[in-house]
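> Give the three-dimensional model of this entry:
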Amino acid sequence: MRNIKYKILFGVFVLLTAFGCEDVLNTEAKDAFAEDLIYSDPSQVEKLVFTAYNSTEAWSLNRYQWWSRRFNLEGASFEAKFNFQDLDVYRDRAGWTPSNVGVLTEKWRNYWDYVRLTNEFLDRIDASGAMQADPDETAVLKAEMKFLRANLYAKLIKFYGGVPIMDHALGLTEEFNLPRNSYEECVDFIVRELDEAAEVLPLTRPDSEFGRATKLSALAVKSRTLLYAASKLHDPAFAPSNDPLYVYTKSTKWQDASDAAKAVIDLVDARDLIAVANADAYQKMFLSPNQDILFARSYGSSYYDFGTDANSLPDQCMSPNGYGGWALSSPTHNFTLQFNMADGTGTNGDGSTFDAANPNTGREMRYYANLLYNGAQFRGRDVQYYLSENPTVNPHGYDSPNGLGNAQHSSKTGYNIRKFQDESIGTWDPEKKTYNTLTNISPNRPYVLYRLAEIYLNYAEAEYNLGGATHENNAREFVSKVSTRALQPAITATGEELLEAIKRERRVELCFEGHSFFDERRWMEEDHLGFDIKGLKWTKKGDGSLAFEEYKVVTRPWWDKHYYLPIPASEVEKAPALVQNFGY
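Next up is the predicted model:
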């Protein structure tokens with residue numbers, strides 16, 4: 001592990017300062033002995049836990065890099081591509097190497113830094129003065145740390161497969177050249193940790209504690225972990241490398257995944273999702289805390305994770321260039337075709353009401369809530385991606401390569417992301433032809449990490465894979481809870497068509513929330529992993545009419561080794577027992 005011997009020597013103090021926790025931890029102690037003071041006081045221990053919450057991440061792919069603080073995994077998934085200058089920042093076109101995975105480089109280091117922080121805490125907390133002073137409160141803090149450590153491991157195994165299980169901070173005399181545990185052993189460890197945390201964590205939190213872990217949070221992580229483990233990618237019959245580092249062999253895997261989702265469903269009485277009347281109401285669900293959110297990061301001035309950095313929020317980072325935005329992730333036209341029509345028919349196949357000549361007409365509600373397209377009404381005007389055939393008669397569109405703002409940020413696909421944007425912040429000034437302000441932020445705007453709609457979709461997928469009429473009925477019931485909330489018809493499909501309906505619903509409902517990168521991999525949908533990224537080019541004719549053409553923006557190739565990130569070469573050199581991932 002990266003410089004682990006040196007970090008252990010400095011203990012908690014060095015770990016805290018490495019995470020910038022001086023912004024959240026107010027203590028006058030300035031040396032390593034500060035840890036004794038911290039662990040003697042429950043209120044100081046709580047602040048240490050707050051620091052560890054930064055491990056859950058938020059909109060940013062990597063909070064330590066300027067660029068990748070402003071976008072996430074969507075640009076390396078089926079959903080979108082990185083937009084600025086058409087750069088290959090994820091190296092999903094050039095190919096990953098152990099020495100270069102682009103903006104994904106820091107994942108390994110950052111996750112392990114937080115694992116060490118949580119281990120230091122869990123090693124000390126039981127014998128601490130804080131536990132003696134207030135055992136009930138401190139026990140909950142301990143459960144929060146177990147939850148955070150399990151969540152870290154859940155992320156590590158999604159990116160890397162099996163990793164070393166470190167359930168305590170390593171001492172100076174211990175072996176640092178740790179071998180990797182199997183994928184199955186890691187899943188068992190995560191589930192055990194989450195079960196223990198769930199026994200102690202409160203079922204709910206008051207509004208003032210939004211963003212802190214609950215029993216539902218822990219069970220949601222368990223549900224996702226077991227669903228992923230049961231998936232095709234980890235089945236020995238299909239895994240690209242049939243190695244214990246990647247496969248999951250339990251015969252009860254789909255029942256376990258179903259039971260994990262059902263545990264959450266039972267706690268919320270299988271209630272309907274929050275009802276919405278239209279696209280605007282759906283979009284606003286993502287701008288403030290609500291009961292469908294099981295775990296999220298809150299964003300505001302009281303939180304360390306760039307809580308006052310307005311230009312790291314989607315309003316700045318994802319708006320079109322004509323609004324002063326950076327449009328860092330452009331949705332692919334391929335992905336937009338996953339959105340149904342308002343009547344529930346698809347965009348291809350028998351019975352579809354989709355008109356390819358009018359792709360933005362008559363689409364389902366979530367199309368309008370989640371996407372910006374040419375002609376969409378956004379922040380006081382229509383979005384204008386078009387170039388003009390005759391600019392002296394009809395000016396180029398504000399959001400075109402010849403429009404306003406930085407043309408290098410103009411959309412390469414003819415789409416931008418609307419989801420997560422608070423359109424009450426910053427308004428369009430038609431006289432100045434500019435965006436008034438980006439200096440405000442929404443109070444407590446959440447970045448959703450786990451929510452109830454995902455659990456219903458997890459359950460539907462697990463039940464379908466169990467097979468049989470009863471399980472299919474359960475799958476239809478819960479995928480339909482998601483579909484009908486989105487003003488779509490209930491799902492009536494059977495067999496393979498039902499599985500495809502579940503996958504489509506997951507792609508659309510959970511879009512831009514960090515799922516697609518992993519879902520398409522665990523389903524092994526290689527047509528959605530390597531493909532020609534399509535976009536639309538819009539033109540305004542001399543008579544003022546609009547036309548478009550579909551075109552290939554770029555080709556994203558696919559290699560089987562890209563099912564997992566490589567372990568950084570420097571780590572394998574220091575600890576050869578780690579063993580590099582296949583293909584690297």
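> neighbours around the residue nearest to residue 92 when sequence neighbours are not counted, how many?
Leaving aside its chain neighbours, residue 92 sits nearest to residue 76 (5.0 Å; criterion: CB to CB, 6 or more residues apart in numbering). The C-beta positions use only the backbone N, C-alpha and C, and glycine is treated the same way. Using other CB atoms under 10 Å, residue 76 is surrounded by 25 other residues.
> how close does residue 76 sit to residue 254?
Using CB to CB, to the nearest Å, residue 76 is found at 28 Å from residue 254.
> Which residue would you name as the spatial centre of this protein?
Among the residues of the chain, the one closest to the centroid is residue 514, at 2.5 Å (CA atoms, centre = their mean).
> quick one, what contacts it?
72-74 (CB atoms under 8 Å, 6 or more residues apart in numbering).
> next one: residue 509
366, 453, 457, 482, 486.
> Farthest-apart pair in those, please.
366 and 457 (13.9 Å; CB to CB).
> Name the SS class of the nearest residue to residue 182 once chain neighbours are set aside, please.
For residue 182, ignoring the flanking residues on the chain, the nearest one in space by CB to CB, 6+ apart is residue 244 at 3.8 Å. Using DSSP: H, G, I helix; E, B strand; the rest coil, the structure places residue 244 in coil.
> picking up where we left off before, by neighbours, which of the contacts of residue 514 wins?
Of all the contacts of residue 514, the highest neighbour tally under other CB under 10 Å goes to residue 74, namely 28 neighbours.
> Quick check on the residue nearest to residue 182: phi, psi?
Note on residue 244: its backbone torsions stand at phi -60, psi -20 [degrees, to the nearest 10].
> and it, how many neighbours?
So residue 244, with other CB under 10 Å, has 16 neighbours.
> again with residue 526
13.
> ok, now residue 208?
6.
> Please, where are all the helices along the stretch 351-500 of the chain?
All helices of the stretch 351-500 of the chain, identified by DSSP state H, counting those that start in this stretch, fall at 365-370, 452-466, 469-485, 495-509.
> which residues of this protein fall in strands?
Secondary structure of the chain, counting by DSSP state E: strands at 80-82, 293-299, 329-331, 371-373, 377-378, 381-382, 387-388, 415-417, 428-429, 434-435, 445-451, 531-540, 546-556.
> which sections of the protein are below the confidence cut-off?
1-34, 172-173, 300-308, 427-440 (pLDDT under 70).
> By residue count, what's the longest helix in it?
Identified as the longest helix of the chain according to DSSP state H is helix 135-160.
> Tell me which other helices or strands that one touches.
In this structure, helix 135-160 makes packing contacts with helix 42-52, helix 107-124, helix 129-133, helix 183-200, helix 215-230, judged by 3 or more CB pairs under 8 Å, 6 or more residues apart in numbering; DSSP states H and E.
> Just the C-alphas of the second one, formatted as PDB.
The one in question is helix 107-124. This file holds the C-alpha atoms of helix 107-124, laid out as PDB (Å, rounded to 0.1, in the frame of the first residue of the first chain):
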ATOM      1  CA  LYS A 107      -9.200   6.000  -7.000                       C
ATOM      2  CA  TRP A 108      -6.900   3.300  -5.500                       C
ATOM      3  CA  ARG A 109      -4.900   5.700  -3.300                       C
ATOM      4  CA  ASN A 110      -7.900   7.700  -2.100                       C
ATOM      5  CA  TYR A 111      -9.900   4.700  -1.100                       C
ATOM      6  CA  TRP A 112      -7.100   3.100   0.800                       C
ATOM      7  CA  ASP A 113      -6.300   6.300   2.600                       C
ATOM      8  CA  TYR A 114      -9.800   6.300   4.000                       C
ATOM      9  CA  VAL A 115      -9.700   2.600   4.800                       C
ATOM     10  CA  ARG A 116      -6.700   3.300   7.000                       C
ATOM     11  CA  LEU A 117      -8.500   6.200   8.700                       C
ATOM     12  CA  THR A 118     -11.500   4.000   9.500                       C
ATOM     13  CA  ASN A 119      -9.200   1.200  10.700                       C
ATOM     14  CA  GLU A 120      -7.400   3.500  13.100                       C
ATOM     15  CA  PHE A 121     -10.700   4.700  14.500                       C
ATOM     16  CA  LEU A 122     -12.200   1.200  14.900                       C
ATOM     17  CA  ASP A 123      -9.000  -0.100  16.600                       C
ATOM     18  CA  ARG A 124      -9.100   2.600  19.200                       C
END
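> and that helix, what does it pack onto?
Taking 3+ CB pairs under 8 Å, 6+ apart as the contact cut, helix 107-124 packs with helix 4-18, helix 42-52, helix 135-160.
> Pull out the buried positions in the last one.
Meaning helix 135-160. For helix 135-160, the neighbour count (16 or more other CB atoms under 10 Å) marks 138, 140-160 as buried.
> what angle separates that helix from strand 293-299?
For helix 135-160 against strand 293-299, the angle between stretch directions is 90 degrees (axes from the mean of the first three to the mean of the last three CA atoms, to 10 degrees).
> tilt between helix 135-160 and helix 107-124?
160 degrees.
> Residue 200 versus residue 191, what's the distance?
In this view, residue 191 and residue 200 are 16 Å apart by CB to CB.
> do the same with residue 359
For residue 359, the distance to residue 200 - CB to CB - is 51 Å.
> the more surrounded of these two?
residue 359 (21 against 17).
> ok, that one - contacts?
336, 373, 536.
> how deep is residue 357 tucked in, by neighbour count?
Residue 357 has 8 neighbours, counted by other CB under 10 Å.
> hang on, the earlier thing: among the contacts of residue 359, which one sits closest to residue 568?
Of all the contacts of residue 359, residue 568 sits closest to residue 336, with 35.1 Å by CB to CB.
> and the closest one, what is it in contact with?
Going by CB under 8 Å, 6+ apart, residue 336 touches 359, 367, 371, 373, 415.
> same check, this time on residue 508
Neighbours of residue 508 in contact, by CB under 8 Å, 6+ apart: 338-340, 364, 366, 370, 486.
> repeat that with 7 Å
By CB atoms under 7 Å, 6 or more residues apart in numbering, the contact set of residue 508 is 338-339, 366.
> Any chance of a PyMOL selection covering the buried ones in those residues?
One line in PyMOL is enough to select the buried members of the contacts of residue 508, burial here meaning 16+ other CB under 10 Å:
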select buried, resi 338+339+366
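> I'd like the contacts of residue 508 as JSON lines, with distance to residue 209 appended.
Formatted as JSON lines, the contacts of residue 508 follow (distance: CB to CB, whole Å):
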{"residue": "338", "distance to residue 209": "36"}
{"residue": "339", "distance to residue 209": "36"}
{"residue": "366", "distance to residue 209": "30"}
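> so which of the contacts of residue 508 would you say is closest to residue 272?
Looking across the contacts of residue 508 and measuring by CB to CB, the closest to residue 272 is residue 366, at 16.9 Å.
> Please list all residues in contact with that closest one.
Contacts of residue 366 were listed using CB under 7 Å, 6+ apart, and they are 282, 339, 486, 508.
> what's the burial count for the first one?
Summarising burial for residue 282: neighbours were counted as other CB under 10 Å, giving 21.
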